[in-house]
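>>> Curious how this folds, go ahead:
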Amino acid sequence: MQTRLLFLAILLVCSCVFGQQQKIDSLLAQIANATADSIKLQKLARLNKLYMNYDLQAGLASFRQMGRLAKKQSKTSLEIRAYDYMSEYFKNNYQQDSALFFAKRSLKLAQDHQLPSDIMLASNQLGRVYHNFSEYENAVDSYDIGIRFYEQGTVTTGITSLLSNKSNSLDKLKRYEEAIACLLRAIDIADSQNNAQAKVLTRYTAAWYYMELENYKTANRYFHQALRDSANLKLKAYVNMQHHGMGINYSRWGKYDSALFHNHKALRFFKKKGDALYVFDVQNNIAIAHGRNKQLDSAIWYAQKAVASAKAFNNKTWSYAAQQGLYSLYIENGELAKAIKGLREMHKEPKLKDILIEDDYISFYDILARGEYGVGNYKTAYTHLRFYSGLKDSLEKAKTDLKFVELETKYESEKKERENLQLQAEKAAQQQLTQQANSRNWLLGFGILLLGLVVFFIWRRYRAEARAKRTIAGQKEEIEHQKLLVENLQRELHHRMKNNLSFIDLFIQLAKARFKDAAYIDKLNELQNRIGSMFAIHKQLFVQEDITKVSAKSYIDALLQNVQRAYGNPQIHIAHLTTADEIMRADTSLPVGIIVNEFVTNSFKYAFDASQEGNIQLRLHSDTANYYLELKDDGKGLPVNFDIDNLDSFGLETIKLLTQEYHGSFALDGSDGVQLDIVLPKQAA
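Prediction:
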């Protein structure tokens, strides 16, 4: 059975590849037989999309031909696409100058002809090229060119790709808060536009952030969502980007079989596409997964492949990173001679710090120290590890200290042995000197001992204070990190609640269109206003920095606008007297919003006759202990037989229950219009 399934899988893959190749061959034949340049250009545009998705390496001549014909026929957008395709080709072949040349040419052409959509696409391509070659500041500047057109309301297509890519570059620059804000904005826009391709890209980026936070389960969920949506959209490149990311995530998660499965799927695709950088990266990831799984022969084999791939595109950064991984595997496999030879050659490179990225540069000294330790050079190993420990992040410090102490002990032992030999040689001379100056030496020895004790206690106190400061700093950093994580999760919760309430409001709006009965419409309007009071608080909390407080005036203004829109009576005027600096706790805002909504709705419905003008007045203020909510209208007032303990009004019953629930009090007066005074304690909230 397994053999049959394997055969069917191979047959399916081959048929897909064969089908795409048939389309390419058919288009090539049509282009060769076409006599009109306009027909050729049309066919070339279709052909080059296939090359971009399935066989980039074979497409360069076709990209150039498309650029020439588009320029000849003044088809500017197609000429811009051709330059983008050529830029992508040279980027993937690690030819930086050519990739930047065509990306800049594409952007200039789009700007000269003032084509907003093409400017966004071209600025995105230029940013991707800069990012690919680790010029992250230039990448951010390039993405911002396209983002500005979106912010001006000129065009909306491609914005999520720009924001997601900008987030990646900001992350590389360690501008983490900006990166997260950028990604959240991209996700929000993708959801609001219901753009399936944009959702794939934003969820892919979110998965990487969760993976960096070591939340592998959540990262895996986002990768799976993006993989499913990419497959539904038939986006081959995106599908295999997910396989690439999932391979890394599973490897860090310790699920090595799954890691290898996804890495091999990605490797087959990127080899076919001719994407040299991805091929190198996936080979390196496969080597890491095998190494973590203690399959050292396979790990070394793929690491050697990664080294060869990196050298092929002549980039020292990736080449040294791949060699570093290979030498680490040699050490683990006991091949110390190979490892130490290569590591020492790398250490001779005078610009090693500039060539390697920061994390690789730091880990290089750890690997070098392990190599020197393995061949018995304890002093050299100790020196390298001291340098490594000075660079290493504080989160890894405990692990480094264990290695440091072990090597320090070895080094100090050898040092003591040499000192002992020297002391034995000088012992006789010292005995004679001691006899000649016995009394003086006793006094000197006592002074030295006393001084040593003082120095020892000072050193011990200093060391204890330094350790305490490091501990406090580490705890403070961890608390800040957890606080940021909780705030982000709470903000995401408010965002999801806002979206869910929007959908409920939409469903009610659709239901209203189905009913003609005014009573149904009236009840549905009331329901919409109640939902609106909850929607407004979640919306405000999502967009502001402090999610524990809200502006009372802006929040109540939004509720009043909803009620006025629902009833549309211009003869009723509302005076909102809450000051702009009045702030409410977030958990108190919900009952206040519902109470305001119910009172104002009742006033619109019952307080005034159809042709009567009326006024509604409300104010919220507070002191250190309580919130005071004052609401009144100058309408009919309450019936003579009104009984507060036997209510048949849903709105007033709701107000009464909410006030009791939050341990508040209220006073209702219906003699001259209706006046409602409510007190809600702050501490009960």
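
>>> which residue ends up closest to the midpoint of the protein in space?
residue 209 (4.1 Å; C-alpha atoms, centre = their mean).

>>> So it is in contact with residue 183, correct?
Yes: taking contacts as C-beta atoms under 8 Å, residue 209 lies within contact range of residue 183: 6.8 Å. Bear in mind the C-beta positions are built from the backbone N, C-alpha and C, glycine included.

>>> Where in the chain is the helix or strand with the lowest mean pLDDT?
helix 397-436 (a mean of 52; mean pLDDT, DSSP states H and E).

>>> Show me where the stretch 351-500 of the chain has its helices.
For the stretch 351-500 of the chain, the helices defined by DSSP state H, counting those that start in this stretch occupy 352-355, 358-374, 378-391, 397-436, 438-514.

>>> For those, which has the smallest mean pLDDT value?
Note on those: helix 397-436 shows the lowest mean pLDDT, a mean of 52.

>>> Quick check: which element contains the residue nearest to the centre of the chain?
helix 196-212 (DSSP states H and E).

>>> which residue sits closest to residue 300, ignoring its sequence neighbours?
Spatial nearest neighbour of residue 300, chain neighbours left out: residue 329 (5.1 Å); criterion: C-beta to C-beta, 6 or more residues apart in numbering.

>>> List the contacts of the one you found.
Residues near residue 329 by C-beta atoms under 8 Å, 6 or more residues apart in numbering: 287, 291, 296, 299-300, 303.

>>> can you rerun that using 6 Å?
291, 299-300, 303 (C-beta atoms under 6 Å, 6 or more residues apart in numbering).

>>> Going by secondary structure, it is in what exactly?
Following DSSP H and E, one finds residue 329 within helix 316-332.

>>> mean confidence for that helix?
For helix 316-332, the mean confidence score works out to 84.

>>> shaky segments in the stretch 1-150 of the chain?
1-20, 54 (pLDDT under 70).

>>> As a check, name the ranges of all strands in it.
Under the criterion DSSP state E, counting those that start in this stretch, the stretch 1-150 of the chain contains no strands.

>>> can you give me the helices in it?
2-33, 37-54, 60-72, 76-92, 96-112, 116-132, 136-151.

>>> mind listing what's buried in the fifth one?
Spelled out, it's helix 96-112. 96, 99-107, 109-110 (16 or more other C-beta atoms under 10 Å).

>>> Repeat that for the last one.
Across helix 136-151, burial judged by 16+ other C-beta under 10 Å covers 136, 138-143, 145-147, 149-150.

>>> Let me have the residues you listed in JSON lines, extended by distance to residue 683.
What follows is those, written out as JSON lines (distance: C-beta to C-beta, whole Å):
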{"residue": "136", "distance to residue 683": "49"}
{"residue": "138", "distance to residue 683": "53"}
{"residue": "139", "distance to residue 683": "50"}
{"residue": "140", "distance to residue 683": "46"}
{"residue": "141", "distance to residue 683": "50"}
{"residue": "142", "distance to residue 683": "52"}
{"residue": "143", "distance to residue 683": "48"}
{"residue": "145", "distance to residue 683": "52"}
{"residue": "146", "distance to residue 683": "50"}
{"residue": "147", "distance to residue 683": "45"}
{"residue": "149", "distance to residue 683": "50"}
{"residue": "150", "distance to residue 683": "46"}
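
>>> What is the nearest of these to residue 351?
In terms of C-beta to C-beta, no member of the buried residues of helix 136-151 lies closer to residue 351 than residue 136, at 19.2 Å.

>>> dump the residue contacts of the closest one.
Residues in contact with residue 136, defined by C-beta under 6 Å, 6+ apart, are 169, 172-173.

>>> hang on, the earlier thing: ok, then the element right after the helix holding residue 209?
Counting by DSSP H and E, what follows helix 196-212 is helix 216-233.

>>> Off-centre distance for that following helix?
Offset of helix 216-233 from its chain centre (C-alpha atoms, centre = their mean, to the nearest Å): 15 Å.

>>> Just want the angle from it to helix 196-212.
160 degrees (axes from the mean of the first three to the mean of the last three C-alpha atoms, to 10 degrees).
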